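Asks: Pasting the sequence and the predicted coordinates here, then a few questions.
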Amino acid sequence: MKTETVTASELDLSLVHALQVRPRATWSELAGPLGATAATLAQRWEHLRRGGDAWVHAVPGPGYSRTRCSAFVLLSCAPGSRARVAAEVCRYEEVATVELTASARAGLLLDVLTPDFATLARLLTERLDTVPGVTAVDCRIATSLHMEGTRWRLRSLDPAQLARLGAAGARESADAPLSEPDALDRRLIEALVRDGRLSWTALAESCGASPATARRRVRRLTASGLLAFRCDMAAGLMGGLVPVTFLGRVAARDIGGVEGVLAALPECRLAAAVTGPDNVLATLWLGDVGEIQRREAHLAARLPGLTVTDRLVGLRTAKRMGHLLDEAGRRTGTVPIRPW
């Protein structure tokens, strides 16, 4: 079946970039920097959201890794089983992201988020190991994250527009003490995982709380670093970028510096230190396949101590942070992540 082309106006792209910076900003707050009325922005966002072309959602914040577990799992699949296995693992709430790759060794690349190592162990040994068609499970536990999706930007806004968005768009500090979410916190989080732009009134009504309580609880969760928000969009709106995940090896003393260089690349979506024989993992969204070798050559010149051991080219993302995607990258449904 031919995939329908996704198109977006310049205003749409600017709107998505603005929401990447300030995911829960009001339309009136965004109107000035984007040069459009609040009503126009609300209308354009509703069009994008209803079509599955863009969405705002809650995700684990920068303080998540202090007490929880983040891992990357490479699944080898029997011939002819890759799509079937992908459909099965998309159903698992612990599996946040599912990428079908061009690799025979790692036909599926999974981002896994669990509240603890015991849950990760059960997922690996009792569920993924037993999925029909899976021939090998290789888990790399993240020990640090220098770059992840909440910090990736579309680059549609100019510096003046970004300046007008103001300091309120900066990431909140993660200095508030972390506390275990209670039942109300979890209801609020789950609602925001589905729709991160719910108004305080709608969020409160859906969770049995007052708007003031909902606002206070969510702000506490974000200030502690346990919760964050991000805006995602269909791959077609970005011009068909090619996701490539590089696995590499570097001396332990140099990992921090390598992650920093990788995270500074504008096309870097993810940079992490991981366990295993390949102790660095980075995902870049490149303009075309030809850029893979050019980018690797650039990295070799900048980071002579880094040895790239594998390159996993993404063919299709079936699920991203709990949201199911069609072949054009549009959101079609949600399997809420519950790693808190």
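Replies: Sure thing, it's come through.

Asks: Start and end of stretch 20-38, how far apart?
Replies: Across its full length, stretch 20-38 reaches 17 Å end to end, with CA to CA, to the nearest Å as the criterion.

Asks: Same question for stretch 127-139.
Replies: Distance across stretch 127-139, first residue to last, is 14 Å (CA to CA).

Asks: where are the low-confidence patches of the stretch 1-150 of the chain?
Replies: Within the stretch 1-150 of the chain, the set of residues satisfying pLDDT under 70 comprises 1-7.

Asks: where exactly do the helices run in the stretch 151-300 of the chain?
Replies: The residue ranges that make up the helices of the stretch 151-300 of the chain, judged by DSSP state H, counting those that start in this stretch, are 159-165, 183-194, 200-207, 211-223, 255-263, 291-302.

Asks: Give me the phi and psi angles of His323.
Replies: Main-chain dihedrals, His323, degrees, to the nearest 10: phi -110, psi 130.

Asks: re earlier: and Gly236, which of the helices of the stretch 151-300 of the chain is closest to it?
Replies: Minimum separation from Gly236 across the helices of the stretch 151-300 of the chain (CB to CB) falls at helix 291-302, 18.3 Å. Backbone N, C-alpha and C define where each C-beta goes, glycine included.

Asks: Going along the chain from that closest one, find the next helix or strand for me.
Replies: Scanning the chain past helix 291-302 towards its C-terminal end, the next helix or strand to appear is strand 307-320 (assignment: DSSP states H and E).

Asks: Tell me the buried residues in that next one?
Replies: Neighbour-count burial for strand 307-320, with 16 or more other CB atoms under 10 Å as criterion, is recorded at Val308, Arg311, Leu312, Gly314, Arg316, Thr317, Ala318, Lys319, Arg320.

Asks: Please report how far the third one lies from Arg217.
Replies: Spatial separation of Leu312 from Arg217 under the definition CB to CB, to the nearest Å is 39 Å.

Asks: What of the fifth one?
Replies: Relative to Arg217, Arg316 is positioned 37 Å away (criterion: CB to CB).

Asks: how about stretch 269-279 as CSV, C-alpha atoms only?
Replies: Listed next in CSV are the C-alpha coordinates belonging to stretch 269-279 (Å, rounded to 0.1, in the frame of the first residue of the first chain):
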residue,chain,number,x,y,z
ARG,A,269,17.9,12.6,19.1
LEU,A,270,19.5,10.4,21.8
ALA,A,271,22.9,10.0,23.4
ALA,A,272,23.4,7.5,26.2
ALA,A,273,26.0,5.5,28.0
VAL,A,274,25.0,1.9,28.2
THR,A,275,26.1,-1.4,29.6
GLY,A,276,27.5,-4.1,27.4
PRO,A,277,30.4,-4.4,25.0
ASP,A,278,29.2,-1.3,23.2
ASN,A,279,29.1,1.3,25.9
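
Asks: Show residues contacting it.
Replies: 70, 72, 138-149, 152, 243, 245, 247-250, 252, 255-256, 259, 262-263, 280-285, 309-310 (CB atoms under 8 Å, 6 or more residues apart in numbering).

Asks: Among those, name the buried ones.
Replies: When burial is judged by neighbour count using 16+ other CB under 10 Å, the buried members of these are 70, 72, 139-142, 145-149, 152, 243, 245, 247-248, 250, 255, 259, 262-263, 280-285.
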